[in-house]
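# coordinates only, sequence not included:
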């Protein structure tokens with residue numbers, strides 16, 4: 001078991017010498033030149049341990065970070081006309097896919113799974129000009145689905161690269177076709 005994933009109580013039971021009763025011992029409590037009870041510079045048996053914390057670092061799954069972005073006070077930038085009004089901004093660019101589309105796609109996947117419309121081994125098809133396609137490809141990879149993304153030549157090279165990096169099949173529509181053309185990226189996703 002990786003020490004980072006063990007709770008404080010498990011470590012206390014496993015190896016009481018790692019803890020001092022209140023959590024991990026820190027650098028000011030018994031360490032000499034970085035050593036104490038087999039620890040050297042925060043490493044024990046190849047596992048990193050943060051000194052001075054009452055519990056081990058909490059590790060989240062990548063998809064759990066979606067939507068857990070900071071809110072910041074941007075009142076001074078907005079200059080509201082009504083006194084006492086605060087204007088807050090949600091930092092959606094801090095989502096794993098750097099877009100608010102991560103939150104939207106996660107919600108769509110969650111609801112489709114709950115309704116039984118999306119099952120293990122299934123395929124997700126999406127038409128996108130960029131961010132939504134990247135979010136679909138990312139979440140499909142996380143949850144074990146195949147993804148097929150249709151897009152236009154206007155999709156940025158970075159988004160094309162990220163969609164492919166997540167393992168999605170990317171289908172590019174021909175350049176210059178109208179939206180009602182059967183080979184437009186929106187129509188290709190329907191077939």
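Happy to help now that I have it. All of these numbers come straight from a predicted model, not from anything done at the bench.
# For residue 170, give me the backbone phi and psi.
phi -110, psi 120 (degrees, to the nearest 10).
# Identify each buried residue in the helix or strand where residue 111 lies, please.
Counting by DSSP states H and E, the element that carries residue 111 is helix 101-114. Buried residues in helix 101-114, counted by 16 or more other Cβ atoms under 10 Å: 101-106, 108-109. Yep, even glycine has a C-beta here, placed from its N, CA and C like the rest.
# do the same with stretch 172-183
Applying 16+ other Cβ under 10 Å to stretch 172-183 flags 173, 177 as buried.
# Can you measure across that stretch, start residue to end residue?
9 Å (Cα to Cα, to the nearest Å).
# Identify all contacting residues around it.
If you take Cβ atoms under 8 Å, 6 or more residues apart in numbering as the criterion, stretch 172-183 is touched by 150-153, 155, 184-188, 191.
# Residue 169 is in contact with residue 150, isn't it?
No - Residue 169 is beyond contact range of residue 150, at 9.4 Å (criterion: Cβ atoms under 8 Å).
# Counting neighbours, go ahead and name the busier of these two.
residue 150 (24 against 14; other Cβ atoms under 10 Å).
# wait, is that one part of a strand?
Yes - Residue 150 sits within a strand when classified using DSSP: H, G, I helix; E, B strand; the rest coil.
# My understanding was that it contacts residue 127; is that so?
Yes - Residue 150 lies in contact with residue 127 (Cβ under 8 Å); the separation is 4.8 Å.
# tell me, how many neighbours does residue 132 end up with?
Neighbours of residue 132 using other Cβ under 10 Å come to 21.
# For the nearest residue to it once chain neighbours are set aside, give me its contacts.
The shortest distance from residue 132 to any non-neighbouring residue, by Cβ to Cβ, 6 or more residues apart in numbering, is to residue 101 (4.7 Å). Listed by Cβ under 8 Å, 6+ apart, the contact set of residue 101 reads 131-132, 134-135.
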